[in-house]
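[1] Please work out how this folds:
(2 chains)
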Amino acid sequence: MIHGKLRLALLSLLSGVDEAEFTWLRSKTGSTDGNLGAQLTRLEEAGYVSVEKKFVMRKPQTLYRMTEAGRAALTEYVAALKQLLGAAVISGQ
Amino acid sequence: MTDEMDGKDLAERVRLIENMMAEGRRRQESWGWTFVLWGVAYYIAFFWSWLGHFAYAWPVTMSAAGVLTGVVFQRRRGGNPATTLGRAIGSIWTSMGLSMFIVLCAMGYSSGASNGHAMIAAFAGMLGLTNAACSMTLRWKAQFLCALLWWVTAVAACYCSDDQLLPIFLVAVFFGQIVFGGAMMFSEYRQRKLQNGVVNA
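    Numbers count the residues shown, from 1 in each chain, chains lettered A, B, ... in the order given. Below you'll find the predicted structure:
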């Protein structure tokens, strides 16, 4: 699920913060609204991020948070990457 | 993820994770303006009460400054994400503000201006506590100097004469709020310029 580069970037960004707005995620990833929304929806469906929509001073605000499942998935992915990297170095790639 | 991923792709993904985590940690928040705002608010409250409106000068000015801080903070937040550290610092200052408001109002209304030494000592002591707590949390030595200034002010308020009390208070506000806040704003501006320069390089 998180192998896609944008989804990987989103989880990495969210891993360092408590919560982040849609606009902030867009500015950091440089993605379009449509693509970003679609990837965040997929992450939400997988249970890796949670969404909160609210109004702040009459302006709509959408906040995303990483879930424990998302954190575990990212940790697992990084561990697998390190393992593969180690193997690639050994094999001389 | 498949076994067909080559070393280059793997390294690229690791770089992506590292870069995004670093981006997430990068902050462009600015807090210097709050020190300057509150320094100006203290001066306004002081001079307004000096003109004879002691009963409501401080509660009204402090309430207005609190509301203004909240509004400007929301507007200037610029979508920056919430962090545990940010919440901790915000909580420290909010708690201090509420304590100061409650305690100083009670002291003021119960005994009027005759309790000036105790009020300024309490005021300065609370500011010293808050600045010290933030300095230790953020590991920022400059803010600890600010805390020392307020603690010295608190002690001085206990021992000084009535004539010395107000100048001590005004000088402490000038250095502890206006000068410190101005220096913070300048430092934040330089940091933003540096970060934007790196991004645009």
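[2] Where does the prediction get shaky in the chain?
    Let's take chain A. Chain A contains residues with pLDDT under 70 at A:88-93.
[3] wrong chain, I was asking about chain B
    B:1-5, B:27-29, B:77-79, B:112-114, B:195-201.
[4] That one against chain A: which residues are in contact?
    Proximity of chain B to chain A (CB under 8 Å from any CB of the partner chain) is limited to residues B:1, B:3, B:5-7, B:10-11, B:13-14, B:16-17, B:20-21, B:23-25, B:71, B:74-75, B:79-84, B:87. Every residue, glycine included, has its C-beta placed from N, CA and C.
[5] Which of these are buried, as a PyMOL select command?
    Burial among these is assessed by 16 or more other CB atoms under 10 Å in any protein chain shown; the matching PyMOL selection reads:
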select buried, chain B and resi 5+10+13+17+20+21+23+24+80+81+82+83
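[6] Among the residues of chain B next to chain A, which lie within helices?
    B:7, B:10-11, B:13-14, B:16-17, B:20-21, B:23-25, B:71, B:74-75, B:84, B:87 (DSSP state H).
[7] can you give me the helices in chain A?
    Going by DSSP H, chain A shows helices at A:5-14, A:22-29, A:33-45, A:68-91.
[8] Any figure for the gap between residue B:54 and chain A?
    34 Å (CB to the nearest CB, to the nearest Å).
[9] Dump the helices of chain A to CSV, plus mean neighbour count and distance to chain B.
    What follows is the helices of chain A, written out as CSV (neighbours: other CB atoms under 10 Å in any protein chain shown; distance: least, CB to the nearest CB, whole Å):
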stretch, mean neighbour count, distance to chain B
helix A:5-14, 23, 4
helix A:22-29, 18, 4
helix A:33-45, 15, 13
helix A:68-91, 14, 4
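[10] Go through the ones you listed and name the closest to residue B:124.
    helix A:22-29 (37.8 Å; CB to CB).
[11] what residues are up against residue B:175?
    residue B:149 (CB atoms under 8 Å, 6 or more residues apart in numbering or on different chains).
[12] For residue A:43, see how far away it is.
    49 Å (CB to CB, to the nearest Å).
[13] what does residue B:59 give?
    In terms of CB to CB, residue B:59 sits 48 Å off from residue A:43.
[14] do residue B:141 as well
    41 Å.
[15] Kindly report the same for residue B:139.
    From residue B:139 to residue A:43 the distance is 34 Å (CB to CB).
[16] do the same with residue B:149
    Taking CB to CB, one finds residue B:149 at 48 Å from residue A:43.
[17] How many residues are close by residue B:39?
    The tally of other residues near residue B:39 (other CB atoms under 10 Å in any protein chain shown) stands at 22.
[18] now residue B:47
    13.
[19] what does residue A:55 give?
    So residue A:55, with other CB under 10 Å, has 8 neighbours.
[20] now do the one 10 residues further on
    Per other CB under 10 Å, the neighbour tally for residue A:65 reads 16.
[21] is it true that it touches residue A:21?
    No. Residue A:65 sits out of contact with residue A:21 when judged by CB atoms under 8 Å, with a separation of 11.1 Å.
[22] could you pull out the helices for chain B?
    Using DSSP H, helices in chain B cover B:7-25, B:32-50, B:54-76, B:84-111, B:116-138, B:141-159, B:162-173, B:180-200.
[23] Turn these into CSV, columns for distance to residue A:87.
    Shown next, in CSV, are the helices of chain B (distance: least, CB to CB, whole Å):
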stretch, distance to residue A:87
helix B:7-25, 9
helix B:32-50, 50
helix B:54-76, 48
helix B:84-111, 36
helix B:116-138, 42
helix B:141-159, 46
helix B:162-173, 63
helix B:180-200, 34
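[24] Tell me who's in contact with residue B:168.
    Applying CB under 8 Å, 6+ apart, the residues contacting residue B:168 are B:120, B:153, B:156, B:157, B:160.
[25] show me the contacts for the second one.
    Contacts here follow CB under 8 Å, 6+ apart; on that basis residue B:153 touches B:120, B:124, B:128, B:168, B:169, B:172, B:176.
[26] One more: residue A:19?
    A:52, A:63, A:64, A:65, B:81, B:82.
[27] could you redo the last one with a cut-off of 6 Å?
    Applying CB atoms under 6 Å, 6 or more residues apart in numbering or on different chains, we find residue A:19 in contact with A:63, A:65, B:82.
[28] Let's see which of those residues end up in strands.
    Within the contacts of residue A:19, membership in strands is found for A:63, A:65, as judged by DSSP state E.
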